[in-house]
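Colleague: fold the following for me, if possible:
(4 chains)
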Protein chains: 4
Amino acid sequence: MPETLIKVDLQQSPLENENIHNRWHPDIPMACWVNPGDDFVLETYDWTGGFIKNNDSADDVRDIDLTTVHYLSGPVGVKGAKPGDLLVVELLDIGAKQDSLWGFNGFFSKKNGGGFLTEHFPLAQKSIWDIEGMFTRSRHVPGVRYAGLIHPGLIGCLPDPKMLQTWNAREQELIATNPTGGLANPPFAGTAHMGRLTGDAKAKAAAEGARTVPGREHGGNCDIKDLSRGAKVFFPVYVDGAGLSVGDLHFSQGDGEITFCGAIEMAGWVHMRVTVIKGGMAMYGIKNPIFKPSPVVPTYNDYLIFEGVSVDEGGKQHYLDINVAYRQACLNAIEYLKKFGYSGAQAYSILGTAPVQGHISGVVDVPNACATLWVPTQIFDFDINPSAAGPVKHLDGSVAMPLSQDK
Amino acid sequence: MPETLIKVDLQQSPLENENIHNRWHPDIPMACWVNPGDDFVLETYDWTGGFIKNNDSADDVRDIDLTTVHYLSGPVGVKGAKPGDLLVVELLDIGAKQDSLWGFNGFFSKKNGGGFLTEHFPLAQKSIWDIEGMFTRSRHVPGVRYAGLIHPGLIGCLPDPKMLQTWNAREQELIATNPTGGLANPPFAGTAHMGRLTGDAKAKAAAEGARTVPGREHGGNCDIKDLSRGAKVFFPVYVDGAGLSVGDLHFSQGDGEITFCGAIEMAGWVHMRVTVIKGGMAMYGIKNPIFKPSPVVPTYNDYLIFEGVSVDEGGKQHYLDINVAYRQACLNAIEYLKKFGYSGAQAYSILGTAPVQGHISGVVDVPNACATLWVPTQIFDFDINPSAAGPVKHLDGSVAMPLSQDK
Amino acid sequence: MPETLIKVDLQQSPLENENIHNRWHPDIPMACWVNPGDDFVLETYDWTGGFIKNNDSADDVRDIDLTTVHYLSGPVGVKGAKPGDLLVVELLDIGAKQDSLWGFNGFFSKKNGGGFLTEHFPLAQKSIWDIEGMFTRSRHVPGVRYAGLIHPGLIGCLPDPKMLQTWNAREQELIATNPTGGLANPPFAGTAHMGRLTGDAKAKAAAEGARTVPGREHGGNCDIKDLSRGAKVFFPVYVDGAGLSVGDLHFSQGDGEITFCGAIEMAGWVHMRVTVIKGGMAMYGIKNPIFKPSPVVPTYNDYLIFEGVSVDEGGKQHYLDINVAYRQACLNAIEYLKKFGYSGAQAYSILGTAPVQGHISGVVDVPNACATLWVPTQIFDFDINPSAAGPVKHLDGSVAMPLSQDK
Amino acid sequence: MPETLIKVDLQQSPLENENIHNRWHPDIPMACWVNPGDDFVLETYDWTGGFIKNNDSADDVRDIDLTTVHYLSGPVGVKGAKPGDLLVVELLDIGAKQDSLWGFNGFFSKKNGGGFLTEHFPLAQKSIWDIEGMFTRSRHVPGVRYAGLIHPGLIGCLPDPKMLQTWNAREQELIATNPTGGLANPPFAGTAHMGRLTGDAKAKAAAEGARTVPGREHGGNCDIKDLSRGAKVFFPVYVDGAGLSVGDLHFSQGDGEITFCGAIEMAGWVHMRVTVIKGGMAMYGIKNPIFKPSPVVPTYNDYLIFEGVSVDEGGKQHYLDINVAYRQACLNAIEYLKKFGYSGAQAYSILGTAPVQGHISGVVDVPNACATLWVPTQIFDFDINPSAAGPVKHLDGSVAMPLSQDK
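Modeller: Model prediction:
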């Protein structure tokens, strides 16, 4: 049995667990050390550290303080790993905690982070998803069931001081262009949890520590659904020992994690093995992580594919903007699914949680980028293909997703 | 044997073929009419109408007049199709012309359209790909071979006057923001080929006809590699008879068609069947085309996946810009492939022509969008996986891609 | 354009074409020679040389003289190939003749060869399948449509005299155990077509030539559906020049080719490339051919799987007999499909022509072998999955498969 | 968290656990009852009840008393299930016991059951496989690693008295043809474990209870690798409450389970949900179980495929005997793998444990059946494809599989 190096008690606040941290900083001490070749288990909180509950109210989604996230397990030191190496992480398996077989998906209020379609869904909403072995279903979104493409939304190694400085500088520069715009999140000491750092060392690191929201050169919060259990990832190493941390586990998610709050978010555990490729960064010209996907993934292959181009929903022409194009594809899919009886919120929730694919289909045909959204038809309990007979309403509207008005 | 409704003689100029057109306009007369349920064949020129040759010089890529493209076969009228219907097109098969079993890929000079990585590859370059049954290889890019995911880069129905007006207006508005910036292409009568229109009618339509470069609501030049032979597409209908046109066939292409000139471009034929879903646009809430992919596609599934985030190659932070993120993923892959002996141009050409996937992996984790580029390892004659031993140079640099200096 | 080395005129008898043969014998002269590395096209008759027609009578299936088959194109000599080498054949593409876009499937009368389920379907029956691009449909078997997994039922190299002698001897020994039982087919000069051999040389070879019915060490009539276009096959070489012949093309077939007459049988062409691995037989310990499947195959993956064990339909227990077990699985599937409105014959025809899989699931649990039959649900126009509501009859019995009484 | 209805203590003899049985008989009392729609967990012993140990000796494989197997967990009663219904079982997940993360594979001595290739491997041998998350490796068989296609080798419902009588009668009839031949296994009271039955009731049932070795109409020991976690199975119901039992879990297995002792055998647990289709047997014409495979399976798709025909290794011709044909394909693969350095036993063990496919490729081309064995190349740490350069020996013979001489 592999050893569980970091344990998590869901009844305890993550702030009391010194093997948890919620910022990136080279000074965070290793929570534990392993040898190359070792396999081990890390338990994790859900990304909010248990703030969102399994109930029928979206108040928690509305009220969450987003400076507190994401609660990560680690860092794990790998003996002998040096800056310039590649840390090879095999995700041998990932699962939910046995005492917490559920996950949540939601939309943040536009006033609190919003999401990809926040103009269309400006209020806090939530759906709860039960985990039934390899599958999930929601009492708030009837008629769909997914096989889990379980993955960590967030995984990566500690930055060195120079990398950290680069991150903070370039993000600060962006923020400066519109300080009230929520363009990025600067360091914030108030809610920083720096693992086992205390006192002045903690205060210093908390003031500098990069927020965990964006993915960056080290990987981090990339929310890549295909970086799933069974995958093999090659991470750049910046500090002695690498300092691998992981969290933000998702039972299932669509490309883009468009709902932001977020995928099907869960507490759980990751079983992994680490090895090292000495000097791998230069040898392979690696800047960002690369990975190989798992050989064990849902084999859904009957898709209905929605196109979108970079003309926004107001009719305005944008220049090769894939973000706009993907938003159109998503809005097109939502309109389509509504014809079968889903509310817009339920359809949006499906796109955020199901293993949908988002492809960058065309990026050179000026002025329109083209994006495609691939919806697997096999996740539905009924047939969603178009036919001459027209769509059948399979839902009568009696089931709704919890919604909370802004305060 | 299905009837070939439109024939193409590669020795003849497309301008002499009245079943060809290179603009979108409701006045273009139907080249032929079919009944719902019919299957038939349309032959097509390559998108440049034969301008690019099977030789070892990139001069033609450098010198092409991009106002002449794309040469499309059609429009085909479908009896009984009315505005508001969906035209269902089954792509029963697609192939190269037997007297033209090759295709081209290239990079436009930065002075003539450029491409996705034009800052890095500013000069005209070209590679020629031989079509060997279901597969393709290039004398200019050794060590790779692809099974064809054959598809039309461009397919769609005629716009009605209102839709045409919308297109021209919104694109003109964009152009007006930077008239010398190449942001979009306004109507241009000089090189317009309006099918069998002649005289004043032609002159009027040529002056108004939308250019074929971007994909739009009707589909058009979406360059979606998965809209391949065997796929089933549902197109919005705007005019009586629908007016389906097709062209710009690709033997193979990667997501994004990042090289712009373009995929593996070829002359060929499309065998298709058309049916109609009456009132389908409203019934299913359709604005852009939707489609179901083919059940017969290359099954490459061992991928090496490259991540990119929206910090550009100069280190500048962009806000949730998937375009920047995908560019980083592509540049990361090119650096990686160079370690195996490829020139940058050859690596770029592989990304433009192989069935690589480009996924929108994360679009909400401010400020970084995350994109992933999936490179199938099974297209290479050698192993490109990372290992502790480091990469092996399989190419000695003796084979180069033709390049032409700007004039 | 690859050269067509062997042409076939479907209006001409195969007996008049000296590049065709219907027996295996080392004395058959090479029809043509190629160099290793060459790619070329061979046209082929259907296996019966055109005896079965595209009509609505099964009389031809009833009346065919089975000593005349299979008409093969070849042999092709490969320069430098020597006994003990492996001949590597890449099936670059395969297709139907453009003037013959249809195929046939049938059941032989029990009096004339029968088939796997001849006790249940003792009379001659036939269905005709139209080839529509990558797909096929039958006017005799409604409600199904397949993407073609196109392959040669028969391909292999000439035997040397010793191998030929081994074949004839062991098969004669089997025949001797029950001379009237149709256990195997001995040489038969009367209808032998020995390519360009004439006179005494022909008479001698015709008297000795092995029949083409069974697959043997050289490959031959293995009827392996997965040896499809895009596959790469490694054949043992027994004679100088190898002597590769091919024929019996199938547009689609299920594992086992249980209907015997046969798959969806068609005339067509094969585009292939040949290379040689010197001394490959000993180097890799090869006795029978090995192959790698195509990367481009139908991706149907939603299966309904039927089990069968080796207790026959009369209730008799057999000992680890996979043949009996597979027959039970097939009979189980036929009973199931009849609930949706198919006749038994139509259901049988589907199992013979669709890309069904037949797996050897268990061969050690005495006394029962277990076989499974995998039926892809995606080939049906309607849902064939079991549900609490019970099956819906989608066919009203108005369409039947032609049947001919024994004379 | 789903309830664990049957628990298993691996330190305790299965004979002391009254929720375990090793014979099929309608009198075995239900171990527990559930409602349709319930999901629950059953723990299971390995099929030998813990007799085979994780060590480096094959003595236990040699010495096992095969009248003791298979130890099954159940029967589970499903309220309302009646004879003639279909019991729908969703295998929500399956795993190894956390305190037993390993499995075994072996060959029985020819004197004690043997196996598919017992003439070639007549002595007891064993390999131990460690379970590492979703993957497995063996210290006795280097160079391979599989993703688990985890499944129960044995699952099915209780027979009614008539069905039981049919089984015993037909198997007895076979045994009578050669009483010393090991053709089948008659009831044997001596080692029968009849769950919670005691006294005379137990004695009577033990004397009549069908052995668990073969798969039969109810499913049972079918050893179908694709009936894996995530699959949905439809079982015939013969008794009130159905009486579902399960055991003989396999972490991975090849088609045929050719090594007999057996797959990668493990103790573990099954999480399942049961529902009922009333009258489903007649409604769908069901005799044997049918099932739908899991949407989450290893996606290995690069295969090397070995052919075999029904001429045995002594050169004798058999008539359409798939068993002989598959044996030849397996022997061909073993010879091939030996060229890379494997011992014959190691190669045999790979074919028994890896997710290889065995296809019934041709069953009508008299006299030769043709079978194909599909070996996934992606399970090997090195390249096993044929090439002009010849095979590379990757193993030096220093690692051997334990072997025990017959006593």
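
Colleague: doesn't A:Ile6 make contact with A:Asn19?
Modeller: Yes: A:Asn19 lies in contact with A:Ile6 (Cβ atoms under 8 Å); the separation is 4.4 Å. Glycine gets a C-beta too; all of them are placed from N, C-alpha and C.

Colleague: which neighbours do those two share?
Modeller: By Cβ atoms under 8 Å, 6 or more residues apart in numbering or on different chains, A:Asn19 and A:Ile6 have these common neighbours: A:31-32, A:73-74.

Colleague: please, a ChimeraX command that selects the buried ones among those?
Modeller: In ChimeraX, this line selects whichever of the shared contacts of A:Asn19 and A:Ile6 come out buried by 16 or more other Cβ atoms under 10 Å in any protein chain shown:
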select /A:31,73,74
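
Colleague: which ones among the shared contacts of A:Asn19 and A:Ile6 come in contact with chain B?
Modeller: Among the shared contacts of A:Asn19 and A:Ile6, no residue is within reach of chain B (Cβ under 8 Å from any Cβ of the partner chain).

Colleague: and the shared contacts of A:Asn19 and A:Ile6, which two are the farthest apart?
Modeller: A:Cys32 and A:Ser73 (10.1 Å; Cβ to Cβ).

Colleague: anything in contact with each of these two?
Modeller: By Cβ under 8 Å, 6+ apart, the residues touching both A:Cys32 and A:Ser73 are A:6, A:19.

Colleague: chain center to stretch A:260-268: distance?
Modeller: 7 Å (Cα atoms, centre = their mean, to the nearest Å).

Colleague: pull the CA atoms of it into PDB?
Modeller: Output in PDB follows, covering the C-alpha atoms of stretch A:260-268 (Å, rounded to 0.1, in the frame of the first residue of the first chain):
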ATOM      1  CA  PHE A 260     -15.300  28.900 -13.200                       C
ATOM      2  CA  CYS A 261     -16.800  27.700  -9.900                       C
ATOM      3  CA  GLY A 262     -15.700  25.500 -11.500                       C
ATOM      4  CA  ALA A 263     -15.700  21.900 -12.700                       C
ATOM      5  CA  ILE A 264     -17.200  19.200 -10.500                       C
ATOM      6  CA  GLU A 265     -15.100  20.200  -7.600                       C
ATOM      7  CA  MET A 266     -14.200  17.700  -4.900                       C
ATOM      8  CA  ALA A 267     -12.000  16.800  -2.000                       C
ATOM      9  CA  GLY A 268      -9.900  13.700  -2.600                       C
END
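
Colleague: wait, does that stretch contact chain D?
Modeller: No: applying Cβ under 8 Å from any Cβ, one finds stretch A:260-268 separated from chain D by no less than 13.2 Å.

Colleague: following the helix or strand harbouring A:Met272, which helix or strand shows up next?
Modeller: Using DSSP states H and E, A:Met272 sits within strand A:268-277. Going down the chain from strand A:268-277, the next helix or strand is helix A:280-284, by DSSP H and E.

Colleague: packing partners of that following helix?
Modeller: Helix A:280-284 sits against strand A:86-96, strand A:232-236, with contacts defined as 3 or more Cβ pairs under 8 Å, 6 or more residues apart in numbering or on different chains; DSSP states H and E.

Colleague: show residues contacting the next helix or strand after the longest one.
Modeller: Toward the C-terminal end, the helix or strand that comes next after strand A:86-96 (DSSP H and E) is strand A:102-107. Defining contact as Cβ under 8 Å, 6+ apart, one finds that strand A:102-107 is touched by A:46, A:52, A:54, A:58, A:61, A:96, A:114-115, A:117-118, A:121, A:123-131, A:136, A:138, A:250-251, A:259-266, A:345, A:348-349, A:352-353.

Colleague: among those residues, the buried ones, what's the ChimeraX command?
Modeller: Applying 16+ other Cβ under 10 Å to the contacts of strand A:102-107, the buried members can be selected in ChimeraX as follows:
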select /A:46,52,58,61,96,114,115,117,118,121,123,124,125,126,127,128,129,131,136,138,250,251,259,260,261,262,263,264,265,266,345,348,349,352,353
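
Colleague: please name the residues that touch A:Asp396.
Modeller: Taking Cβ under 8 Å, 6+ apart, one finds A:Gly341 in contact with A:Asp396.

Colleague: check A:Gly358 too.
Modeller: A:254-256, A:326, A:329, A:371-374, B:359-361.

Colleague: need the residues you listed in TSV with pLDDT, can you?
Modeller: Converted to TSV, the contacts of A:Gly358 look like this (pLDDT from 0 to 100):
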residue	pLDDT
A:Gly254	96
A:Asp255	96
A:Gly256	94
A:Tyr326	97
A:Ala329	98
A:Ala371	97
A:Thr372	98
A:Leu373	98
A:Trp374	98
B:His359	97
B:Ile360	96
B:Ser361	94
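
Colleague: also within reach of chain B: list those from the contacts of strand A:102-107.
Modeller: A:115, A:259-260, A:262.

Colleague: contacting residues around the closest residue in space to A:Asp46 that isn't next to it in sequence?
Modeller: Excluding its sequence neighbours, the residue lying closest to A:Asp46 (Cβ to Cβ, 6 or more residues apart in numbering or on different chains) is A:Ala267, at 4.6 Å. Residues counted as contacts of A:Ala267 (Cβ under 8 Å, 6+ apart) are A:8, A:10, A:43-46, A:50, A:96-97, A:100, A:249.

Colleague: can you check A:Phe251 too?
Modeller: Contacts of A:Phe251 by Cβ under 8 Å, 6+ apart are A:96, A:103, A:129, A:131, A:136, A:148, A:150, A:263-264, A:266.

Colleague: now A:Trp33: phi and psi?
Modeller: Main-chain torsions, A:Trp33, degrees, to the nearest 10: phi -130, psi 150.

Colleague: give me the domain ranges for chain A.
Modeller: A:3-292, A:303-399 (automatic domain parsing).

Colleague: give me the number of residues near A:Met1?
Modeller: 10 (other Cβ atoms under 10 Å in any protein chain shown).

Colleague: return the member of the ones next to chain B among the contacts of strand A:102-107 nearest to chain B.
Modeller: Nearest to chain B among those is A:Phe260, at 4.0 Å by Cβ to the nearest Cβ.

Colleague: how close does A:Asn288 sit to chain D?
Modeller: 25 Å (Cβ to the nearest Cβ, to the nearest Å).

Colleague: the helices in the stretch 301-407 of chain A, which residues?
Modeller: A:322-338, A:344-353 (DSSP state H, counting those that start in this stretch).

Colleague: okay if I get the ones you listed as a markdown table plus distance to B:Cys222?
Modeller: Below are the helices of the stretch 301-407 of chain A laid out as a markdown table (distance: least, Cβ to Cβ, whole Å):
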| stretch | distance to B:Cys222 |
| --- | --- |
| helix A:322-338 | 10 |
| helix A:344-353 | 20 |
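
Colleague: which among those helices is found nearest to B:Phe234?
Modeller: With Cβ to Cβ as the measure, helix A:322-338 is the member of those nearest B:Phe234 (10.5 Å).

Colleague: could you dump the domains of chain A into CSV and include distance to C:Glu90?
Modeller: CSV is the format used below for the domains of chain A (distance: least, Cβ to Cβ, whole Å):
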stretch, distance to C:Glu90
domain A:3-292, 27
domain A:303-399, 30
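
Colleague: quick revisit: from the contacts of A:Ala267, keep the buried residues only.
Modeller: Buried among the contacts of A:Ala267 (16+ other Cβ under 10 Å): A:8, A:43-46, A:50, A:96-97, A:100, A:249.

Colleague: for chain D, which of the helices and strands packed on helix A:280-284 is the nearest?
Modeller: Once the helices and strands packed on helix A:280-284 are compared by Cβ to the nearest Cβ, strand A:86-96 is nearest, at 2.7 Å.

Colleague: other SSEs contacting that closest one?
Modeller: strand A:151-157, strand A:232-236, strand A:242-250, strand A:268-277, helix A:280-284.
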